[in-house]
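# A predicted structure for the sequence below; I have some questions about it.
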Amino acid sequence: MSTFTNLFLLFTFIFLSQTPSSLSKRCHPEDERILLQIKKEFNNPSLLSSWKPHTDCCNFNWYGVGCSALINERVGYLSISNDTNLFSQFPPSIGNIPYLEALFIFDLPNLTGPIPDSITKLTKLKYLTISSTGVTGPIPNFTDQFTNLVNLDLSHNNLFGTLPPSLYKLPSLSGVLFNNNKLTGS
């Protein structure tokens, strides 16, 4: 997915989800705790330096984080991208953000390891991009939980194996990218 498309989705999500009353509220404490755990797992103080305890993660203060007034100021958007200095495994805590609707992880060539099974807990996802990373392994058979998924981009990684059979049963899916991996099947 192009950077332009991701930025368009970010601004659309923020525009549609923010109301004047929501600008004075703080993010949910559990979301803050999970995001700080993700920061710890990424082990990159510069990329996520704006993620600080006891600061508001919902008022555009935290890099790549968006909250939605439609879901009671819960984190609904997360985008982490464009850092060649991030050397980390894919953080399993990402799967603990209960109201996440859009996850964009891209242009992180030194992000390695498999896509964690914990991602299956993100049942509200509509947009999932894990692209241009060093992520390896098979595509988890997570897709049967993603009944709201509209767009799935797992391109430009080191994924291998076959496509999950459940992928073909997703009712809302309209866009899929798997190019530049080592996948088999059709």
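Perfect, I can see it now. Residues are numbered from 1 along each chain as shown.
# Helix or strand: which one has the spatially most central residue of the chain?
What sits nearest the mean C-alpha location of the chain, by Cα atoms, centre = their mean, is Leu103, with 2.1 Å. Element membership for Leu103 (DSSP states H and E) is strand 102-113.
# Tell me which strands the helix or strand following that strand pairs with, and in which orientation.
Of the helices and strands lying after strand 102-113 in sequence (DSSP H and E), the nearest is strand 127-137. The strands beside strand 127-137 in its sheet (DSSP bridges) come out as strand 102-113 (parallel), strand 151-153 (parallel), strand 158-162 (parallel).
# before we move on, the earlier item: chain center to the strand holding Leu103, what's the gap?
9 Å (Cα atoms, centre = their mean, to the nearest Å).
# Quick check: which of the strands paired with strand 127-137 is buried the most?
Mean neighbour count (mean count of other Cβ atoms under 10 Å) peaks for strand 151-153 among the strands paired with strand 127-137, with a mean of 22. Bear in mind the C-beta positions are built from the backbone N, C-alpha and C, glycine included.
# From the rest of the structure, what touches that strand?
Counting by Cβ atoms under 8 Å, 6 or more residues apart in numbering, the neighbours of strand 151-153 from elsewhere in the structure are 1, 106, 126-131, 143, 146, 167, 173-177.
# quick one: the nearest residue to Gly137 once chain neighbours are set aside from Asn151, how far?
Nearest-residue entry for Gly137: Pro114, 3.5 Å, with adjacent residues in sequence omitted and distances by Cβ to Cβ, 6 or more residues apart in numbering. Between Pro114 and Asn151 the computed distance is 21 Å (Cβ to Cβ, to the nearest Å).
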